[in-house]
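Novice: When you get a sec, could you give me coordinates for this:
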Amino acid sequence: MKTRHKRLLLIAVGLVILGLVAALVLNAFRSNLVFFFSPTQVATGEAPKGKAFRIGGLVKEGSLHREADGVTIAFVMTDTAHDMPVRYKGILPDLFKEGKGAVAQGKLGDDGLFTASEVLAKHDENYMPPEAAKAVGDAQANKAMIEATAKTVKQ
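Specialist: Okay, here's the model as predicted:
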């Protein structure tokens with residue numbers, strides 16, 4: 001076999017391996033892709049049947065019920081237009097409360113019940129970790145003290 005043919009064979013094998021790797025990566029990406037839907041979108045049939053997706057909205061006031069086993073929780077997720085019953089077995093996040101935002105990942109059953117495998121609590125855009133809030137508060141207090149001192153010196 002000539003050197004030229006060896007190079008062409010090597011390039012062809014490299015391209016086949018590269019194509020195989022790309023196909024595997026894209027397949028893994030597609031199988032792990034989880035879409036987000038609101039309760040209204042689920043009610044209108046936009047959500048996939050039998051496939052995992054995320055549903056987000058507010059936890060409806062008065063809808064949170066714990067079953068006797070202590071780990072199974074039922075609640076209603078709402079976007080104020082439509083309600084979606086959700087069942088979850090596990091430990092809820094600390095920020096999870098009625099009237100607050102949440103996201104649940106799971107599957108929609110034939111009976112219209114969303115069975116969640118994971119529940120995430122959403123915080124508002126003003127949330128700040130306690131340490132950061134303290135640092136910002138200290139910085140504002142220092143700024144106010146400097147401004148007050150500057151006014152006193154000018155007088």
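Novice: Got phi/psi on residue 147?
Specialist: Backbone geometry at residue 147, expressed as degrees, to the nearest 10, gives phi -60, psi -40.
Novice: for the one 3 residues further on, same thing?
Specialist: Listed backbone geometry of residue 150 is phi -60, psi -40, with angles given as degrees, to the nearest 10.
Novice: Pull the contacting residues for the nearest residue to residue 50 once chain neighbours are set aside.
Specialist: For residue 50, ignoring the flanking residues on the chain, the nearest one in space by Cβ to Cβ, 6 or more residues apart in numbering is residue 107 at 6.6 Å. From N, CA and C alone the C-beta is placed, and that goes for glycine too. Residue 107 makes contacts with 50-53, 114-115, 117, as judged by Cβ atoms under 8 Å, 6 or more residues apart in numbering.
Novice: Can you pull out the residues in contact with stretch 86-103?
Specialist: Residues contacting stretch 86-103 (Cβ under 8 Å, 6+ apart): 36, 54-64, 71-77, 104, 106, 113-116, 118-124.
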